[in-house]
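Visitor: have a look at this prediction, sequence included:
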Amino acid sequence: MCLFVASLIIRRFMSKQTIDAPPDLDSKQLKQETNEVKQRQKDRLRGLGRDQLIELYRQMLLIRRFEEKSAEAYVAGKIGGFCHLYIGQEAVAVGSISAIRKDDILLTSYREHGLALAKGITPRSLMAELFGKATGCSKGKGGSMHMFQKDLGFYGGHAIVGGQIPLASGTAFATKYRGTDQVTLCYFGEAAVNQGAFHESLNMAQLWKLPCIYICENNQYGMGTSLQRAMSLSDIWKKACAYEMASEFVDGMDVLAVREATARAVERARKDYLPTLLEIRTYRFMGHSMSDPGNYRTRAEIEKYQERDPIKLFSATLLEEKIVDNKTLEEIDRKVREEVEDSLRFADESPLPDPEELYTDVYADPIEPGRK
Ligand SMILES: Cc1ncc(C[n+]2csc(CCOP(=O)(O)OP(=O)(O)O)c2C)c(N)n1
Ligand SMILES: [Mg+2]
């Protein structure tokens, strides 16, 4: 009897999982779409030099290899705490950051390694931070979710879902107030869109004309919950209409599409102090974090999206258009792997933070002990 009840519960659970899963994808349709995307990407090559294109490819590959090694180091127990990988989303970071200046400002969530690399934090500094070492960009006190490097305009790394959105409106307000023409890029996942902070920020940004670009990296899942189960209006770009803000839907698997859409938004922000909402549709190939077994989606679904792998797509475009040959791509991969290996050695050999450091960097202008 007990066994019968248990099997009913399990069956009910299993069938619920199937009902809740997003609609299955048609492989044929996906292949056709991939070809169309490739054609569109080829059309976007114009105006970009060979070196620029290779650099976009190199950066995406660096992120991919860095994340693969981070996963290994995590499993080996070298990285503590949470660790959210960016594999699958590389085109979003590389495409958008290639459209801004070095002195522009960026804020993001905890899924930040790729954005940090694209903004210029070195693999050494990043890996050391993951290892909790004193040579890391946050002196080993932040870890995976709290990378920070002010001189590169990388203002975190925020673990509270949506917490960075009002902060980004704040940095955009500050740069406008100071009369600079810097823009702020604010990245967040689609689950953050249901937070009040998102709506309050967009309202103020449009009302006060803030040079902020709100970039929703829509990877279609918030932890184990698919977008369809959590949001009444899942076309996120449409939400900008409520604030009379400009918005665009962008293919996040095409690095050049992301670059172009961001460039349009940057122009609007720099010239006219106007904000934009970009919904960049992407997909994460790994679990939500290193501890996620990923039971909420099927292997088949992941494999189908891997057909649209942004790195695979871009290398195919570069090869077919004879911008690079296989030998060049292999050489880039070899150099990138070396750079990541070097970052691992550096992180391993670096010292842990001094216990005295526990009390530093807590406040920007700390009160000295004993000062009245
Ligand atoms: C305010 C708040 N609520 C809940 C959590 C727990 N939490 C961590 S990540 C996450 C899902 C966020 O998904 P999404 O915004 O789509 O970003 P993604 O992880 O897909 O990049 C949740 C609910 C949190 N960190 N902060
Ligand atoms: Mg998400």
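Guide: On my side now, so go ahead. Ligands and ions are numbered 1, 2, ... in the order given.
Visitor: does residue 103 touch residue 153 like I think?
Guide: Yes - look at residue 103 against residue 153 with C-beta atoms under 8 Å: they come within range, at 6.1 Å. Where you see a C-beta, it was placed from the backbone N, CA and C, and this is true even at glycine.
Visitor: so for the two, which residue has more residues nearby?
Guide: In this view residue 103 and residue 153 are compared by other C-beta atoms under 10 Å, and residue 153 has more residues nearby, 20 against 13.
Visitor: got a list of what that one touches?
Guide: When contacts are counted by C-beta atoms under 8 Å, 6 or more residues apart in numbering, residue 153 touches 102-106, 119, 182.
Visitor: try it again at 6 Å.
Guide: By C-beta atoms under 6 Å, 6 or more residues apart in numbering, the contact list for residue 153 reads 104-106.
Visitor: what's it sitting at in phi/psi?
Guide: Dihedral angles of residue 153 (phi, psi; degrees, to the nearest 10) stand at phi 70, psi 20.
Visitor: got the phi and psi for the one residue in the stretch 51-200 of the chain that gets nearest to ligand 1?
Guide: Using C-beta to the nearest ligand atom, the point where the stretch 51-200 of the chain gets nearest to ligand 1 is residue 189, with a distance of 2.0 Å. The phi and psi values for residue 189, taken as degrees, to the nearest 10, are phi -80, psi 170.
Visitor: begin at 21 from now on, thanks
Guide: Taking 21 as the first residue, the last one we looked at is residue 209.
Visitor: for this structure, longest helix please?
Guide: What stands out as the longest helix in the chain, according to DSSP state H, is helix 70-95.
Visitor: separation between residue 177 and ligand 2?
Guide: Here residue 177 is placed at a distance of 17 Å from ligand 2 (C-beta to the ion, to the nearest Å).
Visitor: got any ranges where the chain has weak pLDDT?
Guide: When residues are selected by pLDDT under 70, those of the chain lie in 21-45, 47, 387, 389-392.
Visitor: show me what from it comes close to ligand 2.
Guide: Neighbours of ligand 2 within the chain, by C-beta under 5 Å from the ion: 209-210, 239, 242.
Visitor: so what's the residue count around the residue of the stretch 271-392 of the chain at minimum distance from ligand 2?
Guide: Of the residues in the stretch 271-392 of the chain, the one nearest ligand 2 is residue 304, at a distance of 7.3 Å by C-beta to the ion. Here the number of neighbours of residue 304 (other C-beta under 10 Å) works out to 22.
Visitor: also residue 355?
Guide: Summarising burial for residue 355: neighbours were counted as other C-beta under 10 Å, giving 13.
Visitor: excluding sequence neighbours, find me the nearest residue to it.
Guide: Using C-beta to C-beta, 6 or more residues apart in numbering and skipping residues adjacent in sequence, the residue nearest residue 355 is residue 78, 7.9 Å away.
Visitor: of all the residues in the stretch 271-392 of the chain, which one is nearest ligand 1?
Guide: Nearest to ligand 1 in the stretch 271-392 of the chain, going by C-beta to the nearest ligand atom, is residue 308, at a distance of 5.6 Å.
Visitor: what's that residue in contact with, if anything?
Guide: Each residue near residue 308 by C-beta under 6 Å, 6+ apart is listed here: residue 243.
Visitor: can you give me the helices for the stretch 271-392 of the chain?
Guide: When secondary structure is read from DSSP state H, counting those that start in this stretch, the stretch 271-392 of the chain shows helices at 275-292, 319-326, 330-340, 346-369.
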